[in-house]
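In: Quick one: sequence plus predicted model below, questions after.
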Amino acid sequence: MLQDKKSETDAERQKVLLQRLVGTLSREYPELYYQPTSLVARLIRQRVADGTTLNGDERKLMERLTERDIEVLLSLH
């Protein structure tokens, strides 16, 4: 039960971080809205790997996600 709550909390935090990263990327790449989700997911994974926009805990949380995971989460919004 406690593990389920932690997973839900992690998933919610991941969604918030994804929104923040998409916002940052959108400001840097105004044409991002028109790009395929796979490209956006790749850019997000690169940003997470660089570690420049996330603190240590956020990066650890986001490193668990594959590009495909990110694509799926983006498509749900």
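Out: Done, it's in. Residues are numbered from 1 along each chain as shown.

In: Just after the lowest-mean-pLDDT helix or strand in the chain, pick out the following helix or strand.
Out: Every helix and strand of the chain was ranked by mean pLDDT, DSSP states H and E. The lowest is helix 2-28, at a mean of 84. Scanning forward in sequence from helix 2-28 by DSSP states H and E, the next helix or strand is helix 37-50.

In: which secondary structure elements does the least confident helix or strand of the chain contact?
Out: helix 37-50, helix 56-63, helix 67-75 (3 or more C-beta pairs under 8 Å, 6 or more residues apart in numbering; DSSP states H and E). In short, each C-beta sits where N, CA and C put it, glycine included.

In: Switch the ones you listed over to a markdown table; also include distance to residue 29.
Out: Formatted as a markdown table, those follow (distance: least, C-beta to C-beta, whole Å):
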| stretch | distance to residue 29 |
| --- | --- |
| helix 37-50 | 8 |
| helix 56-63 | 19 |
| helix 67-75 | 15 |
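
In: Name the residue closest to the centre of this structure, please.
Out: residue 18 (3.2 Å; C-alpha atoms, centre = their mean).

In: Can you check the pLDDT for the closest residue to that residue other than its chain neighbours?
Out: Take residue 18 and drop its neighbours on the chain: the residue closest to it by C-beta to C-beta, 6 or more residues apart in numbering is residue 73, 5.8 Å away. As predicted, residue 73 sits at a pLDDT of 91.
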